[in-house]
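>>> sequence? don't have it. structure:
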């Protein structure tokens, strides 16, 4: 098991290695395997990249993201401009429905609302917007309208997990309450944890995934 000191060094090395992140603007603290990132970054895309960098490190049990986005003057845009760019990005994403997604922008913060058929589309909509110029943050309030019986959802997720050779599926447990899925158990890295959640999100009928998986 890695010490907090070792994890901190590996996180700092990963942030320094990732060209999408300015590691000099990020402070890193680790306590009992929980990584805290703090600082001020110049874009939402960089904030997300920093979080993903930490998730690649084995032994990290969780992440607290205390990073603020402070746009330089040259990156500031009107909310109307951000809304137009967001609408364009969604329309060019082939996995998203042509109608049903509403966009609201306030002070650089995008709120998505409406309905999609699958949870992966809910995630795809957010992914389409992360690199927009002038973006401060995203609130994803999209709902999943697909209907499926809880037992079918559970069976579908368990089958999807078993198809992923690198996951230790015997240690993972799946519980379903209506459209909400809770994953629990133990995996070796945040990357495996992310992959398990992704498999659940791609299952028809799932609206939300509660991640209680332990990394260790």
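Okay, I see it. The shown structure was predicted, so the numbers you read here are calculated from the model rather than taken from an experiment. Residues are numbered from 1 along each chain as shown.

>>> before we move on, what SS does residue 103 have?
Assigned by DSSP: H, G, I helix; E, B strand; the rest coil, the conformation of residue 103 is strand.

>>> from residue 103, how far off is residue 138?
Distance, residue 138 to residue 103, using CB to CB, to the nearest Å: 10 Å. (Each C-beta comes from the backbone N, C-alpha and C, glycine too.)

>>> need the residues touching each of those two.
Any residue near both residue 138 and residue 103 by CB atoms under 8 Å, 6 or more residues apart in numbering counts here, and that gives 110-112.

>>> how about the nearest residue to residue 42, chain neighbours excluded?
Residue nearest to residue 42 in three dimensions, not counting chain neighbours: residue 72, with 5.7 Å by CB to CB, 6 or more residues apart in numbering.

>>> hmm, back to that, just the buried ones from the shared contacts of residue 138 and residue 103, in ChimeraX syntax?
Buried members of the shared contacts of residue 138 and residue 103, defined by 16 or more other CB atoms under 10 Å, are picked up in ChimeraX with:
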select :110,112
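
>>> would you turn the shared contacts of residue 138 and residue 103 into CSV with distance to residue 23 and secondary structure?
Listed next are those as CSV, based on distance: CB to CB, whole Å; DSSP: H, G, I helix; E, B strand; the rest coil:
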residue, distance to residue 23, secondary structure
110, 26, strand
111, 30, strand
112, 30, strand
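
>>> nearest to residue 47, of the shared contacts of residue 138 and residue 103?
Proximity of the shared contacts of residue 138 and residue 103 to residue 47 (CB to CB) peaks at residue 110, which lies at 13.9 Å.

>>> quick check: that closest one touching residue 142?
No: between residue 110 and residue 142 there is no contact under CB atoms under 8 Å: 11.7 Å.

>>> with adjacent residues omitted, what lies nearest to residue 101?
Nearest one to residue 101, counting by CB to CB, 6+ apart, is residue 114 at 4.5 Å.

>>> number of nearby residues for that neighbour?
16 (other CB atoms under 10 Å).

>>> do the same with residue 180
14.

>>> of all the shared contacts of residue 138 and residue 103, which comes closest to residue 90?
Nearest to residue 90 among the shared contacts of residue 138 and residue 103 is residue 112, at 8.6 Å by CB to CB.

>>> can you give me the domain assignment for the protein?
If you go by automatic domain parsing, the domain ranges for the chain are 4-69, 73-144, 150-215.

>>> Throw those into JSON lines and include mean pLDDT, thanks.
Below are the domains of the chain laid out as JSON lines (pLDDT from 0 to 100):
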{"stretch": "domain 4-69", "mean pLDDT": "94"}
{"stretch": "domain 73-144", "mean pLDDT": "93"}
{"stretch": "domain 150-215", "mean pLDDT": "85"}
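
>>> about what we covered before: so what's the residue nearest to residue 101 up against?
Counting by CB under 8 Å, 6+ apart, residue 114 touches 100-102, 142-143.

>>> can we see that at 10 Å?
Residue 114 is in contact with 97, 99-103, 122, 125, 141-143, 145, counting by CB atoms under 10 Å, 6 or more residues apart in numbering.

>>> tell me which of those fall in helices.
Using DSSP state H, the members of the contacts of residue 114 that fall in helices are 122, 125.
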